[in-house]
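**Q** Sharing a model that was predicted from the sequence below.
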Amino acid sequence: MRVVSLVPSLTEAVAVTAPGLLVGVTDWCTHPPGLTAARIGGTKNPDVAAVVALRPDLVVANEEENRASDLAALGDAGIEVLVTEVRTLDQAFEELERVLVTACGRTRPRWLDEAEAAWAALPTPRAPRRAVVPVWRRPWMVLGRETFAGDLLARLGVENVYADHAERYPRIPLDALNTAGADLVVLPDEPYRFTADDGPEAFPALPAALVDGRFLTWYGPSLAQAPSALRAALR
């Protein structure tokens, strides 16, 4: 079977579960290290002709990370495209099984069981802390409603201040973020690379938790380590 992945999370999931299956991945696919599959452009601007030339049996994609026009073009070329939707942890587990077991015909991987067990073992959160969670600056954008990262944080006892916003990734002025009633600011290193020197200074009255974006936003093998890694960062 020949698979092209347009999603870094799914690239890692397929590569770890079924080495050798992938024939094409995006330029943003960084895990696992040593990927040898052909690079076919970005998640938002894949080279459709290059994907078609690879003659994949299946392209795996995501409704948020990939553009509908690119996926439609691949479908028009006669290629099977599996489009995932991941807005909660439960959805992530369901979609990973759909990709790996149903679509790729592989045995359910042990890491997926370990990931489900790790999240199920979390203690009941104490009184939640309220947080703003920027994902970009210039302009400032934050997590809003129905996001995978927001669901993970909620399970760890962190309530997203903008969880009920009408938009999923609203643009909010910095002064409004600082007066939103948050107890802390959570700063992941992707998609914007927040660091100790780039981000916390914008929130002088709030403690800042710098978190690994792969543990907060990727749905794949990293989910097994994510609970402990995120708890440590939030602590």
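**A** The structure has been received and is ready for your questions.

**Q** what's the closest non-adjacent residue to residue 104?
**A** residue 18 (6.1 Å; Cβ to Cβ, 6 or more residues apart in numbering). To be clear about C-beta, it is placed using only N, CA and C from the backbone, and glycine gets the same treatment.

**Q** before we move on, what about residue 135?
**A** residue 141 is the one closest to residue 135 (Cβ to Cβ, 6+ apart), at 5.5 Å.

**Q** Hmm, that neighbour is touching residue 167, no?
**A** No: at 9.3 Å, residue 141 and residue 167 do not qualify as touching, with contact defined as Cβ atoms under 8 Å.

**Q** ok, those two, which is more surrounded?
**A** residue 141 (18 against 12; other Cβ atoms under 10 Å).

**Q** pLDDT score for the more buried one?
**A** Residue 141 carries a pLDDT value of 98.

**Q** Equivalent analysis for residue 40, please.
**A** Residue 40 is given a pLDDT of 97.

**Q** From residue 47, how far off is it?
**A** 5 Å (Cβ to Cβ, to the nearest Å).

**Q** Helices of this protein, residue ranges please.
**A** Applying DSSP state H to the chain gives helices spanning 8-17, 48-53, 68-76, 89-97, 110-120, 148-155, 174-178, 213-217, 226-234.

**Q** how far is the fifth one from where the chain is centred?
**A** The one in question is helix 110-120. 17 Å (Cα atoms, centre = their mean, to the nearest Å).

**Q** same check, this time on the third one
**A** When C-alpha coordinates are averaged (Cα atoms, centre = their mean), helix 68-76 and its chain have centres 22 Å apart.

**Q** What are the buried residues along it?
**A** Using 16 or more other Cβ atoms under 10 Å as the test for burial, helix 68-76 gives 70, 71, 73, 74.

**Q** coming back round to it: and the residue nearest to residue 104, how many neighbours does it have?
**A** 17.

**Q** got it, and residue 181?
**A** The number of residues near residue 181, taken as other Cβ under 10 Å, comes to 7.

**Q** cool, and residue 188?
**A** So residue 188, with other Cβ under 10 Å, has 25 neighbours.

**Q** Name the nearest residue to it, sequence neighbours excluded.
**A** residue 213 (3.9 Å).

**Q** pLDDT score for that neighbour?
**A** Model confidence at residue 213 (pLDDT) stands at 96.

**Q** That one contacts residue 195, doesn't it?
**A** No: Residue 213 is not in contact with residue 195 according to Cβ under 8 Å; the separation is 11.7 Å.
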